[in-house]
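Asks: pasted the sequence and its predicted model underneath.
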Amino acid sequence: MKTKFMLVLCVGMIATSVFSTRTVRAQDAPKRIEVTAKRFTYEPADITVKKGEPVILVIKSADVAHGLRFRDLDLNAKVDKGGSAELKFTPDKTGDFVGHCSVFCGSGHGEMTLTLHVVN
Amino acid sequence: MRLPITIIVAGCVVGLAGCKAAPPSKLESKTITFAKHHFFIGNKKEKNPLPYSHENWEDGKEAFSHYCVACHGMDGQNTGVPFVDHISPPIPSLASEDVQSYTDGQLKWVLDNGIRPSGMPGSKGTLSDDELWSIVVFLRHLPPAGSQGIPDIYTH
């Protein structure tokens, strides 16, 4: 009887630890979103994320050096020619935030924008 | 048949003579300056959404360095610009009273649209609104003349 009880207890503890680890991992794993910067555009140009959920924007340049800056969120990343960079953050306020290219990249630089929608 | 050709040649000579670039007279300058400040340059009342801060000033300096230095120099006062005395109308110092007496909104308008038929081009689309307003911050707090050196493009 005592052995059975110990067995059930052990199985229960193992199951609890496995499920709780999975839950923590699911909550903590940042959402990765790839963004391609190329010739005065971002692809995608609109991204929706949830407030309080960690995000990593992986910005890849398909041509010259670019950047992505959200002044309102105090975020800025610069990408070398053909390279990539990551913007890691957890949005703490809802709204629409417009990011601009932060590295001068040519005649259409001023119109190179990406809109981040942060929702509840 | 000879008469029309003579008239055409004479017309061309007169026309070419009119194309000679000469510095504007004082009266021309005053008239145009008044017209620009009061009629041609719009957006008089718009306020700069960016307050003065060191970060905004640095942003403005960087944005200015991408597009404006070729004609205005690193300091906005034409330092090191080799053709500054050879075009008409002349490139103004951005520290001058004529420029500084524009409102922030008017400076942004000039940055957006340029001033025709002078050589000042518009930057709308080439620089973002954010960058253009930061340039306005930079223009209001220009560094001392000559303190920023000569634009790289003129040192090679």
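Replies: Received it, and whenever you're ready, just let me know what you need. Numbering: from 1, shown residues only, chains lettered A, B, ... in the order given.
Asks: quick one: the strands in chain A, in order.
Replies: Assigned by DSSP state E, chain A shows strands spanning A:31-38, A:41-43, A:46-50, A:55-61, A:66-70, A:75-79, A:84-89, A:95-100, A:113-119.
Asks: most tightly packed of these?
Replies: Among the strands of chain A, the stretch with the highest mean neighbour count (mean count of other CB atoms under 10 Å in any protein chain shown) is strand A:66-70, at a mean of 24. The C-beta positions use only the backbone N, C-alpha and C, and glycine is treated the same way.
Asks: the inter-axis angle of that strand versus strand A:55-61?
Replies: For strand A:66-70 against strand A:55-61, the angle by axes from the mean of the first three to the mean of the last three CA atoms, to 10 degrees is 150 degrees.
Asks: what is strand A:66-70 packed up against?
Replies: Contacts defined by 3 or more CB pairs under 8 Å, 6 or more residues apart in numbering or on different chains; DSSP states H and E place strand A:66-70 against strand A:31-38, strand A:55-61, strand A:75-79, strand A:95-100.
Asks: now distance to chain B and mean pLDDT too, for these, in a markdown table please.
Replies: Listed next are those as a markdown table, based on distance: least, CB to the nearest CB, whole Å; pLDDT from 0 to 100:
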| stretch | distance to chain B | mean pLDDT |
| --- | --- | --- |
| strand A:31-38 | 14 | 96 |
| strand A:55-61 | 17 | 97 |
| strand A:75-79 | 10 | 96 |
| strand A:95-100 | 5 | 96 |
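Asks: between those, which one is nearest to A:E86?
Replies: strand A:55-61 (5.4 Å; CB to CB).
Asks: got a list of contacts for the closest one?
Replies: Residues outside strand A:55-61 that contact it (CB atoms under 8 Å, 6 or more residues apart in numbering or on different chains): A:30-38, A:47, A:49, A:66, A:68, A:77, A:79-91.
Asks: looking at chain B, which residue is nearest chain A?
Replies: Nearest residue of chain B to chain A: B:H66, at 4.0 Å (CB to the nearest CB).
Asks: residue numbers of chain B in contact with chain A?
Replies: By CB under 8 Å from any CB of the partner chain, the residues of chain B that approach chain A are B:63, B:66-67, B:123-132.
Asks: return the member of those residues nearest to B:D112.
Replies: Proximity of the residues of chain B next to chain A to B:D112 was ranked by CB to CB; the top entry is B:K124 with 4.4 Å.
Asks: next, the contact list for the closest one, please.
Replies: A:G110, B:D112, B:N113.
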